[in-house]
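>>> Predicted model and sequence below, questions to follow.
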Amino acid sequence: MHELGVVFHIIEDLEDIARENQLEEISKVVLELGEVSTVIDSYLVDCWQWAVKKHELMKEAQLVIEKIPAVTYCEDCKGEYSTIEHGKICPYCKSEHTYLLQGNEFNIKEIEAC
C-alpha cells in the first residue's frame, strides 16, 4: 500500500506551505486524483484519517478527492476517448498510436486554512 507514503508526502508539502504562509491550521485539502493514477482513493482516505491526527497543524483536516477522468488521444485519427473503457487501442480507427492526455494526475488543488 503506497497510499501511506503518498499521504506522508502530502503532509510534508502542506507543512511547508503552512510555514511559508504562517498558517496555524489547515481545515480542508482538495486533491485531484486521476482515474489511472494507481492511487486507491479509499485507501488514501483511510491513511489520511490516521496520519493527520499526528500533526497538530491538520489534526481535523478534511480530505476531498476530485476524480479526473482518464482520456487518451489517438495520433492517427486525432480522436479522444475514455481510457478506462477502451484502453490503449483507439475505438475509432483501431490504432495503437495513442497516449494518455489526462487521468494520471495527483495534485493538491486547494487548501482551506486559518
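Arrived safely, thanks for sending. If you're wondering where the values come from, they're calculated on a predicted model, not measured in any experiment.
>>> mind listing what the residue lying closest to residue 8 once chain neighbours are set aside touches?
Closest residue in space to residue 8, ignoring its immediate chain neighbours: residue 51 at 6.7 Å, by CB to CB, 6 or more residues apart in numbering. Every residue, glycine included, has its C-beta placed from N, CA and C. Going by CB atoms under 8 Å, 6 or more residues apart in numbering, residue 51 touches 4, 7-8, 11.
>>> what's the closest non-adjacent residue to residue 76?
Nearest non-adjacent residue to residue 76, counting by CB to CB, 6+ apart: residue 95, 4.0 Å away.
>>> now residue 35
Residue nearest to residue 35 in three dimensions, not counting chain neighbours: residue 70, with 4.0 Å by CB to CB, 6+ apart.
>>> buried residues in the helix or strand where residue 109 lies?
Of the helices and strands defined by DSSP states H and E, residue 109 is found in strand 106-113. Residues of strand 106-113 classed as buried: 106, 111, 113 (neighbour count, 16 or more other CB atoms under 10 Å).
>>> Direction included, what does that strand pair up with?
The strands that strand 106-113 pairs with in its sheet are strand 26-34 (antiparallel) (by DSSP bridges).
>>> contacts for the strand it pairs with?
10, 14, 18, 39, 41, 44, 57-58, 60-68, 70, 102-114.
>>> Now, of those, which are buried?
Those of the contacts of strand 26-34 that meet the buried threshold are 10, 14, 18, 39, 44, 57-58, 61, 63, 65, 68, 70, 102-103, 106, 111, 113, by 16+ other CB under 10 Å.
>>> And the most far-flung residue of the chain relative to its centre, how far from residue 8?
When distances to the mean C-alpha position of the chain are computed (CA atoms, centre = their mean), the maximum falls on residue 93, with 30.8 Å. Note on residue 93: its distance to residue 8, by CB to CB, to the nearest Å, is 43 Å.
>>> Then residue 90?
38 Å.
>>> the more surrounded of these two?
Per other CB atoms under 10 Å, whichever of residue 90 and residue 8 has more neighbours is residue 90, with 22 against 12.
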